[in-house]
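# fold the following, please.
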Amino acid sequence: MKISLILAHPRPGSFNHAIAGTAARVLHDAGHIVSVHDLYAEAFDPLLLSEEVPRDTLLPDDIAQHCAEIASADGIVIVHPDWWGMPPAILKGWIDRVLRPGVAYRFAETDSGDGIPAGLLKAKAAIVFNTSNTPWQREIEIFGDPLERLWKDCVLVFCGVPVVQRRMFGVVVTSTDAQRKAWLEEVSRLVSETFPQESSA
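Numbering: from 1, shown residues only. Take a look at the predicted model:
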C-alpha cells in the first residue's frame, strides 16, 4: 500500500516527531511505500493565492507532487498538536492547497454551492494523531473536541475516506518517559491494525 504521512510540528525532537517516526517505521516494516512530509522541515508555504484557485491552473511543482501523492495514497496518517482546537496554520494551508477540487473532491457541474460533494481520494483509511496539554475531561466538557469534527466530517470523510480513526495524547507537557513509551506502543498497534502487513502472495 501507498501511505501518505503528514507531520506538522515546528520543533524537531517533539513528541509529534516521535509519533510520526514510530508510524513511519511500522509502515515500512509492514512493507508499505511511505511518503513522509514534515511540513515545517520542508518550509511548506501555506498561502493559497488567488491564481492557484482555478481548477485548471498550473500548480507549483511541490504542490503538484503533494496532490499526486495524496490522490494515489491507499492510506493517510496525519500528526499534529492541538492548537486552539485547530491544526497549526501550516497544516491548514496544506489542506487548502492540496485537498483541492479535482484532486480530493468534486461537485456536479450543475451544483451552485449547495450540493453534496463526491470524494475523490482512494484512501480506504486514515489515522489522525494529536497531542494536547489540556486534560481530556476538560477538553470534552469545555471545548467539545473540535478536531474530531474537523478531521472526520469536514475533511477526510468529505474527501471520500470511509474509515477515519483519531487518537489524542495528553497531557504531554507533564507526561513521563514511561507514559510516552506506552503511547508510542499504542501508535504502533493502531497503525499495524489499520494498515496490516503487505501480503507476499
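
# need the longest helix for this protein.
helix 177-194 (DSSP state H).

# residues contacting the residue nearest in space to the middle of the chain?
Geometric centre of the chain, nearest residue: Ile78, 2.7 Å, by Cα atoms, centre = their mean. Counting by Cβ atoms under 8 Å, 6 or more residues apart in numbering, Ile78 makes contact with 5-6, 8, 91, 126-129, 151. For every residue, glycine as well, the C-beta is placed using N, CA and C.

# the longest helix of the chain - contacts with which helices or strands?
Packing partners of helix 177-194 (3 or more Cβ pairs under 8 Å, 6 or more residues apart in numbering; DSSP states H and E): helix 15-29, strand 125-131, strand 163-169.

# as a markdown table, these with mean neighbour count would be great.
Listed next are those as a markdown table, based on neighbours: other Cβ atoms under 10 Å:
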| stretch | mean neighbour count |
| --- | --- |
| helix 15-29 | 20 |
| strand 125-131 | 24 |
| strand 163-169 | 17 |
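
# turn these into TSV, columns for mean pLDDT and distance to Asp82.
Output for these, formatted as TSV (pLDDT from 0 to 100; distance: least, Cβ to Cβ, whole Å):
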stretch	mean pLDDT	distance to Asp82
helix 15-29	98	11
strand 125-131	98	5
strand 163-169	97	7
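
# what sits up against stretch 192-201?
By Cβ under 8 Å, 6+ apart, the list of residues contacting stretch 192-201 reads 1, 3, 26-27, 30-32, 75, 125, 127, 163, 165.

# where does the protein have its least confident helix or strand?
Ranking every helix and strand in the chain by mean pLDDT, DSSP states H and E puts helix 136-138 at the bottom, with a mean of 73.
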